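Novice: need a 3D model of the sequence below.
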Amino acid sequence: MEFRMGELFSGPGGLALGAKLACFKDVKGEKWGFKHTWANDFDRDTVETYKLNLLHNPDASTVFCEDVSDFPIGDKSILPEIDALAFGFPCNDYSNVGKQKGLAGIYGPLYSYGVKVMKYYQPKVFIAENVGGLSSANEGYALIKILEEFQASGYHITPNLYKFEEYGVPQARHRIIIVGIRNDLYKQGIHYHVPAPTTPDPKDMKTSQQAIEIPPIPADAPNNELPKTTEKVAKRLSYIPEGENAWYIGIPEELRLNVRGAKLSSIYKRLDHTKPAYTVTGSGGGGTHMYHWKENRALTNRERARLQTFPDDFKFIGSKESVRKQIGMAVPPEGAKVVMEAVLKTFAGIKYRSVKPTEKLQLKNLEKGNTTALKGLGR
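Specialist: A predicted model of the protein is given here:
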């Protein structure tokens, strides 16, 4: 069975690639998978990256580069019927890294376009993704409002905080993913369960060194240009041990940053080669580009893409900074695959190992007004 899939805020294709990787055949030989139907994103380079790698067609007309407010949701002559909706609604106003304006920000209300698709198309299932910081935005009330609207659109929802390093992704990336099953199907017994972590023990987690070095990155891999490093930055890095940042006590005074606070930040922070990487980000100024555990330099975009589990032949379109943004904002395909595969198995009636969803994120608990417990839940 193929699920026709529509996407909003598609990014370079992390969710779409995860959906593609999740395809399988059941014991009867029937194929279960997702089929691209339409997608949109606001960024031109991102759209070109998606078309090249997911559709292998730079001229594909089913991926739209336009503001979601102009997207013709409901016009089925342009955007035909779908069975599944996937959307990683913009996290800028929910991330703990930013000012966390939540629903009051420019990007905060954009989840509502996912709600609009649900109402017009009533897909069988939706998969929505956002940062862990969503749980504490607007003192927790942003999450309540979003979950209530998802539920009111006719869906039984299962929100959960996924720690991707527990699912084989070589990166401590914590994301809230909400899976919704249409109410009539839920009543028929189609119940989604959170897939159990595959690498819950820290000693089994894939490390940043394993991700970047095994196997070696091919010499002709795209987006692998070495970044320019000034002599001063290289010298500063030479004093920073792996796992430490720009506030390490052993850095000489003349090489210290003249910045107050942020001592727990990732500024000039080296990776620890024995652990999964810290979170790959898509923006930020000097000192935020992720730094090699041994070499005195920032990572290449291809190295970042490996931490995000994109294959080496996945070519990102655009300038170095554009590529960095695309990689940092994407959903790790291998993480997305876990969720997408669980969705398919749910509909196929195939049992899989599962765990209880994050208790603090369940609407029945949030409705009691206990939002303070959400603070610090994710990152």
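Novice: from here on, contacts and neighbour counts on C-alpha atoms
Specialist: Noted.
Novice: what residues of whichever strand or helix holds E334 count as buried?
Specialist: E334 is located in helix 333-348, with elements delineated by DSSP states H and E. Across helix 333-348, burial judged by 16 or more other C-alpha atoms under 10 Å covers 333-347.
Novice: same check, this time on stretch 285-292
Specialist: Neighbour counts over stretch 285-292 (16+ other C-alpha under 10 Å) mark T288, H289, M290, Y291, H292 as buried.
Novice: which one of those sits closest to Y50?
Specialist: H289 (23.2 Å; C-alpha to C-alpha).
Novice: and the next helix or strand past the strand or helix carrying A19?
Specialist: In the assignment (DSSP H and E), A19 maps to helix 14-21. Counting by DSSP H and E, the next helix or strand C-terminal to helix 14-21 is strand 24-25.
Novice: list of residues touching that following strand?
Specialist: K31, W32, G33 (C-alpha atoms under 8 Å, 6 or more residues apart in numbering).
Novice: do the same with stretch 230-242
Specialist: Residues from elsewhere that reach stretch 230-242, judged by C-alpha under 8 Å, 6+ apart: 246, 248, 250-251, 255-256, 268-273, 293-294, 296-297.
Novice: now the residue nearest the centre of the chain: closest residue in space that isn't a chain neighbour?
Specialist: The centroid of the chain falls nearest to V331 when counting by C-alpha atoms, centre = their mean (2.6 Å). Leaving aside its chain neighbours, V331 sits nearest to G14 (4.8 Å; criterion: C-alpha to C-alpha, 6 or more residues apart in numbering).
Novice: what sits against the one you found?
Specialist: G14 makes contacts with F310, A330, V331, P332, P333, A336, as judged by C-alpha under 8 Å, 6+ apart.
Novice: which pLDDT value belongs to T372?
Specialist: Turning to T372, the model gives it a pLDDT of 53.
Novice: for the residue nearest to the centre of the chain, give me its contacts.
Specialist: G14, L15, G88, Q308.
Novice: relative to K28, how far out is it?
Specialist: Taking C-alpha to C-alpha, to the nearest Å as the measure, V331 falls 32 Å from K28.
Novice: swap in G132?
Specialist: Separation of G132 from K28 (C-alpha to C-alpha) stands at 39 Å.
Novice: equivalent analysis for K269, please.
Specialist: Plainly put, K269 is 50 Å away from K28 if you go by C-alpha to C-alpha.
Novice: go on, M205?
Specialist: From M205 across to K28, the span is 34 Å (C-alpha to C-alpha).
Novice: thanks again, I'm all set now.
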